[in-house]
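Peer 1: Please find the sequence and the predicted model below.
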Amino acid sequence: MPHPTLTHAIAQIGDVHLHYVRAGKGEPVLLVHGWPQTWYEWHRVIPHLVEAGHEVIAVDMRGAGDSSRPASGYDSNTVADELHALVRHLGFASIRLVAHDNGARVAYAYAARHPTEVKSLVFLESKILGIESDDDASKEYWHFGFHQEADLPEALLAGREREYLSFFFKRYAFDPRSITEADITEYVRCYSGLGGMRADFNYYRAFPETAVQSRELARTKLTIPVLAYGGSHCMGEIPLRSMKLVANNVQGGVIPDCGHWVPDEKPEWIAREINRFHGV
């Protein structure tokens, strides 16, 4: 499938500039990435969404890609409100959200804080912090604690970003070939720059604050349609189970033969599911 024309732009949102790409015409969809990725994780999905009649906006959240890297403000509520401001800046009164990993937690906060301005949420390979026990966060998620340590991860990984990121892409994929060396090179470009690793580790350092926020947001369940999926070789049914605790209208399940990197491993499959879910 030919790639649509992508327009790169920067929006000044408060004291942060957010980089995003835009493609297509039609109903707007905001794509939100996870760690250690950027807007680029969606580059195989975007053509399928555009072909179906969506206008796609894929953003680099604060601290990631070519967006600003402030020292603080990595809790989900802060980042969610920033993305909401971006959507309003672009002139949209409402939006559909599609999000992965850490970005899915941000998208949940967006939907919970601005419920009348979100039409639907696709929640991939993530869980809501602070809502249920972390018994399933076993040795597979050892890096959560490591990333929360102050200063240590940055010091140990300086100059070794490619080795570290490559480990995760290979370890958590069903088929490691899904993440190419060119893909990894793009992520290393983004994360090996000044403050790149520190900025995204700050999302993990904000987990305790995000958990408190999520518990408060969960007091009122989402009523919008939610589609939640986990990969069969990573989180499985955890995303679906997690979203059923905070939303009333949830569907989804497990993606076969898929690891954590859903947009890379199953771009056509997940695009088809998104388009079906959106009724296009």
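Peer 2: Yep, it's here.
Peer 1: from here on, contacts and neighbour counts on C-alpha atoms
Peer 2: Noted.
Peer 1: Any stretches of this structure with poor pLDDT?
Peer 2: Residues of the chain that meet the criterion pLDDT under 70 lie in 1-2, 134-139.
Peer 1: where do the helices sit along it?
Peer 2: Assigned by DSSP state H, the helices in the chain fall at 46-51, 76-89, 102-113, 143-148, 152-157, 161-171, 181-191, 196-205, 207-217, 238-244, 262-265, 267-278.
Peer 1: I'd guessed residue 231 sits against residue 252; true?
Peer 2: No: using C-alpha atoms under 8 Å as the test, residue 231 is too far from residue 252 to be in contact (11.3 Å).
Peer 1: returning to that earlier point: and among the helices of the chain, the most buried is which?
Peer 2: helix 102-113 (a mean of 26; mean count of other C-alpha atoms under 10 Å).
Peer 1: Dump the helices of the chain into a markdown table; add distance to residue 8 as well.
Peer 2: Below are the helices of the chain laid out as a markdown table (distance: least, C-alpha to C-alpha, whole Å):
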| stretch | distance to residue 8 |
| --- | --- |
| helix 46-51 | 14 |
| helix 76-89 | 14 |
| helix 102-113 | 20 |
| helix 143-148 | 30 |
| helix 152-157 | 29 |
| helix 161-171 | 25 |
| helix 181-191 | 16 |
| helix 196-205 | 20 |
| helix 207-217 | 30 |
| helix 238-244 | 31 |
| helix 262-265 | 20 |
| helix 267-278 | 21 |
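Peer 1: nearest to residue 224, of those?
Peer 2: helix 102-113 (8.4 Å; C-alpha to C-alpha).
Peer 1: angle of the closest one against helix 207-217?
Peer 2: An angle of 30 degrees separates the directions of helix 102-113 and helix 207-217 when computed by axes from the mean of the first three to the mean of the last three C-alpha atoms, to 10 degrees.
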